[in-house]
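Asks: would you be able to build a 3D model of this:
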Amino acid sequence: MKKQKIALFHPWIKSCGGGEKVVLELLEKSKHNFDVYTWVYDEKNTFEEFKRYKINILAPKFVKKLSKLHLMRGLFLLISLFKKIPLKEYDKFLISTSGVGEFITFRNYKKGQTHSYIHTPLREANKKIVKWNLENRYRSFFKKQIYLVAVKVYRIFEKRAWKKLDVIIFNSELSESRAKEHSLIKNQKTCIIPPPISFSKFKKAKTKTGKVFVYVSRLNPPKRQDLLIEAWKLFSEKNKGYKLILIGTPDNKKYHEKLLNLSKEEKSIEIKSNVSNKELKKLISESFAGLFLGYQEDFGIIPLEIISAGKPLLATDEGGYVKLIKDHPLFHKIKERHNSKEMIEEIAKELGNLVKENYSKIIPRKIKLNNFIKEIDEVLGK
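Replies: Numbering: from 1, shown residues only. Have a look, this model is predicted:
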């Protein structure tokens, strides 16, 4: 396979999320050589390993705040029109995006050689998620109208941007189905390659089991840590001695403050940010179980890592990860409820059911995944 020089664009490297993990995996393990371009780089809140590489920042510093505001992210459409990547110096152009990032093609396009890794088409423009946001996120009439107009405008530019994606790699069948639902796929070459999962990092870990539940995810509304806190209070009334640790980067300041206020009276809840990989490994390895409550999660790396650590996983029964673990003995399902009150009751009920189960005699079954780097290198090498 010919080693190639590839320009890799990821819109914002600002947390320890799945998108950043994919970029880091390519930098560390691919046979190809990558130069990274981004609009926003927040080295304090993302993986430390990025400091080993040169990160080319395309946007001015003041736009860092915009990347954390959902309704303001559309302004990156304007920013994408002014910055040029020297694509003539590269064999290929790879865009890693969860929506908005594809706008970079309006000014930067390498004909026939523009590839994309789609974590998901923009979640906020998906019909099911639009409905959830209107019920749970944008409560005032004014905000709802702005949001609906923004979605309509976004979909127009989204279709135009996707026309310039020559090869499209999806991270899951769910992400591909959303693209089809939005009529974004025309004549492009497509395939599905799940993101990299670090199963091996728990092999040498201590597996002491405490009475701690861990939930590792960005702290933002779609991850529903607020509903979990409310459910935990109900669970704790009948189940004493358990502890809940929420681990993640605060994506939303107001939401972070909301979580702190909701949990301040509950001593059995702890919220931790900027957790190192070493500490995270220890927390998961010594936990009783892991949780995952992302609404309509595109893939979900953490749920698979929880199971790979030999821990029970309490998670919703809808999401990109479900197909891979739906029959796994450590997967304890929560029935997805699209109403917040019903979801709180469902979470509390399944927390109670989980602690009654005996998982000590279950032999963890390996999760079968293809080799991410090998597959993506092959696609990029063609």
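
Asks: so where's the stretch 201-350 of the chain shaky on pLDDT?
Replies: Regions of the stretch 201-350 of the chain meeting the criterion pLDDT under 70 cover residues 201-209.

Asks: tell me where the stretch 251-382 of the chain has strands.
Replies: 269-272, 289-292, 313-316, 331-334 (DSSP state E, counting those that start in this stretch).

Asks: could you dump these into JSON lines and include mean neighbour count and distance to residue 38?
Replies: (Glycine included, C-beta is placed from N, CA and C.) Below are the strands of the stretch 251-382 of the chain laid out as JSON lines (neighbours: other CB atoms under 10 Å; distance: least, CB to CB, whole Å):
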{"stretch": "strand 269-272", "mean neighbour count": "17", "distance to residue 38": "26"}
{"stretch": "strand 289-292", "mean neighbour count": "26", "distance to residue 38": "27"}
{"stretch": "strand 313-316", "mean neighbour count": "26", "distance to residue 38": "30"}
{"stretch": "strand 331-334", "mean neighbour count": "18", "distance to residue 38": "35"}
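
Asks: between those strands, which gets nearest to residue 133?
Replies: Residue 133 lies closest to strand 313-316 among the strands of the stretch 251-382 of the chain, at 17.0 Å (CB to CB).

Asks: chain center to the closest one: distance?
Replies: A distance of 16 Å separates the centroid of the chain from that of strand 313-316, by CA atoms, centre = their mean, to the nearest Å.

Asks: count residues in the vicinity of residue 347, would you?
Replies: Residues lying near residue 347 (other CB atoms under 10 Å) number 26.

Asks: just give the closest residue to it, not the sequence neighbours.
Replies: Ranked by CB to CB, 6 or more residues apart in numbering and with sequence neighbours excluded, the top spatial neighbour of residue 347 is residue 231, at 3.6 Å.

Asks: got it, and residue 154?
Replies: Per CB to CB, 6+ apart, closest to residue 154 is residue 125, 5.4 Å.

Asks: now residue 49
Replies: residue 24 (5.7 Å).

Asks: how about the strand or helix carrying the one you found: buried residues?
Replies: Using DSSP states H and E, residue 24 sits within helix 18-29. Within helix 18-29, the residues scored as buried using 16 or more other CB atoms under 10 Å are 18-27.

Asks: among those, which one lies nearest to residue 61?
Replies: Among the buried residues of helix 18-29, and counting by CB to CB, the member closest to residue 61 is residue 20, at 19.4 Å.

Asks: before we move on, back to that, ok, the buried residues of helix 18-29 vs residue 98, which is closest?
Replies: residue 19 (6.0 Å).

Asks: the residue nearest to residue 154 and residue 288, how far apart?
Replies: Using CB to CB, to the nearest Å, we find residue 125 at a distance of 38 Å from residue 288.
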